[in-house]
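Asker: Structure of the sequence below:
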Amino acid sequence: MRRAKRSTKRDGFLNTLEFALTTKGRRFWSAVQSVGWLRRLVNRRLISIAASKMTPRPDPFSTRSDYTSWDSLTDRGYDGRHLGPVVRAPDSLPPVDRIGELFRRPSPTRGEDDLCEKSTVLFAYFAQWFTDGFLRSDRPQPPDTTPDPKRNNSTHEIDLCQIYGLTPQATCELRAHEGGLMACQGAGKEIFPPYLYAADGTSRFGSITVAREGMFDPQDRPYLFAIGTDTGNVQIGHVMMNTLFLREHNRLARELEAAYGWDDERVFQTARNINIVMLIKIVIDEYINHIAPYRFRLFLDGTKGFERARWMRTNRMASDFNLLYRWHSLIPSELLAGGRMRPLKETALNPRFVPEHGLGLLFEEASSQRAGRIGLFNTDPYLLVAERATIEKGRAVQLASYNDYRASCGFPRVTNVAQISGDPRVREALAECYRSPEEIEFYVGLFAEDPRPNSVLPSLVGRMVGVDAFSQALTNPLLAPRVFNRETFSPLGWQEIKKTNSLSDVLNRNVTRRDRPYAVTMTRAGWERR
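Answerer: Next up, the predicted model:
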């Protein structure tokens, strides 16, 4: 189906100009990147511009209360919030089930309109796994069973808690306590996380839990992995990423011990630091560059030069950013995995899948398949329960409207649904559900927008991701000027960081060699910028 063009009247002159300057002029940007000092200067400037599109932390409001207090500013068990709460009459909003249907993918068939022009399924796997490390909603422990939508279970950092655990006790349990290694099973490069349960069915790791454990087939319970966070077993993408970074930690540990002869503790801590920074480097050098439509390729260069930036403040996860990253529509209804196309449901709650088919093959298959298009009317029915839960969370914490967030990000408020999307289905649905653009909810508006040219994300999502990505990643203590150096990571570790730019780099040194490297990419083959 050919889409109509979205009206661009409410994009704003400066926004339009900035987009044109950063996405046009291939030769100009190539020349800029060829001059070392100029490349570093422009890199810092573009990052600062992106990170400054919203007012910097600390946010005056949190989900703890509807006014500012010392506790609301410091209790990070509650989510931050960029905009204050907005109270709406319950009957002024459409029913949750009605709004949830705006996300439903009408057919499992893979039509061109349902697929992303740029992204592979690997991008979807990585995005979900990466954000699950810090965007962690409340996980109540028995006897409590009902999550509090205002609270979180996050460390608020990019810290690879996905493999190292959320607490020092969990980290201790997941370590081998020998040679700086993480506990694992297998031999050579073909290692995997250890099983959570012993042969008699008792847990071997007291601090490790599994989300939705009751939904796993009882026959699969013995094969549940002991992974740092409770979501580590829920989908093959999570198991793949956790296994990869576990292997990378142990590879680094062995090389550090061989090179320096350190004790277990120092080897473990140094390998952990290197592994975390490698992840951040992949986030900037590959993940963000895949998302961004820029001609200039951004890169991680530490934080020297950012010391006085207004956005260099302590990180804190926020409710609005939590909703922002729920890209369920990226996942196709069928996934190429283990040599054939499989229904989405078959790749979930299946911990045996990755060891059976091998890490290299699964990464290559995910890299060869197009991801779904981010937007309304494109979430598989299997994931609609997550969409409804997200809508309910936004209402429970009284998030401001879509137009309020546009204004806070420097976009003019829209006055007509034609300014949001060129898709007739989206325009009609928004007009039916909301009496005016001012009433459109934040989560709905985010994904109602058409994607930007040469990007996987719509405008408001892309702008807010830019703010969050840089103000979160670059405030990591390991990137501070006095920390980001050879002394912290060792000469060997420093060199490993420098030569790592992508998931492909990490994957191909952690799988059994074959006659050619595995093709691992977030950007689909044949994609060309318009």
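
Asker: Report the buried residues of stretch 282-297.
Answerer: 282-296 (16 or more other Cβ atoms under 10 Å). C-beta here means a position set from N, CA and C on the backbone, and glycine is covered the same way.

Asker: could I get that stretch in CSV with only the CA atoms?
Answerer: Extracted in CSV, the C-alpha atoms of stretch 282-297 (Å, rounded to 0.1, in the frame of the first residue of the first chain):
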residue,chain,number,x,y,z
ILE,A,282,28.9,-0.9,20.6
VAL,A,283,25.9,1.1,21.7
ILE,A,284,27.5,4.4,20.4
ASP,A,285,29.5,3.1,17.4
GLU,A,286,26.9,0.6,16.0
TYR,A,287,23.5,0.8,17.7
ILE,A,288,23.1,4.6,17.8
ASN,A,289,24.6,5.0,14.3
HIS,A,290,22.1,2.5,13.0
ILE,A,291,19.3,4.5,14.5
ALA,A,292,20.5,7.9,13.6
PRO,A,293,19.9,9.3,10.1
TYR,A,294,23.1,11.4,10.2
ARG,A,295,25.8,11.3,7.5
PHE,A,296,28.4,11.7,10.2
ARG,A,297,29.2,8.5,12.1
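
Asker: Show me the strands in this structure, by range?
Answerer: 61-62, 80-81, 115-120, 185-187, 190-192, 334-337, 340-343, 370-372 (DSSP state E).

Asker: Which one of the ones you listed lies nearest to Leu21?
Answerer: Among the strands of the chain, strand 115-120 comes nearest to Leu21, with 20.7 Å by Cβ to Cβ.

Asker: Mind giving me the packing neighbours of the closest one?
Answerer: Applying 3 or more Cβ pairs under 8 Å, 6 or more residues apart in numbering; DSSP states H and E, we find strand 115-120 packed against helix 359-368, strand 370-372.

Asker: if we can go back for a sec, if we compare the strands of the chain, which one ends up closest to Leu399?
Answerer: Using Cβ to Cβ, the strands of the chain put strand 80-81 closest to Leu399, at 7.5 Å.

Asker: about what we covered before: farthest pair in the buried residues of stretch 282-297?
Answerer: Within those, Ile282 and Arg295 form the most distant pair, 20.9 Å apart (Cβ to Cβ).

Asker: pLDDT (mean, whole number) over the helix ranked longest in the chain?
Answerer: In the chain, assigned by DSSP state H, the helix with the most residues is helix 236-260. Mean per-residue pLDDT for helix 236-260: 98.

Asker: in that helix, what's buried?
Answerer: Applying 16+ other Cβ under 10 Å to helix 236-260 flags 236-253, 255-257 as buried.

Asker: show me where pLDDT drops low in this protein?
Answerer: Along the chain, the parts satisfying pLDDT under 70 run over 1-4, 108-113, 142-144, 529-530.

Asker: His82 contacts Thr55, doesn't it?
Answerer: Yes. His82 lies in contact with Thr55 (Cβ atoms under 8 Å); the separation is 7.5 Å.

Asker: Quickly list what's touching both of those two.
Answerer: Ser408 (Cβ atoms under 8 Å, 6 or more residues apart in numbering).

Asker: out of the two, which sits in the busier spot?
Answerer: Higher neighbour count among His82 and Thr55: His82, with 23 against 14, using other Cβ atoms under 10 Å.

Asker: and the gap between that one and Val520?
Answerer: 35 Å (Cβ to Cβ, to the nearest Å).

Asker: Check Arg272 too.
Answerer: Applying Cβ to Cβ to Arg272 and Val520 gives a distance of 23 Å.

Asker: And Arg297, by the same measure?
Answerer: Arg297 is 18 Å from Val520, by Cβ to Cβ.

Asker: for the stretch 1-150 of the chain, what spans make up the helices?
Answerer: For the stretch 1-150 of the chain, the helices defined by DSSP state H, counting those that start in this stretch occupy 13-23, 26-33, 36-51, 70-74, 96-100, 121-132.
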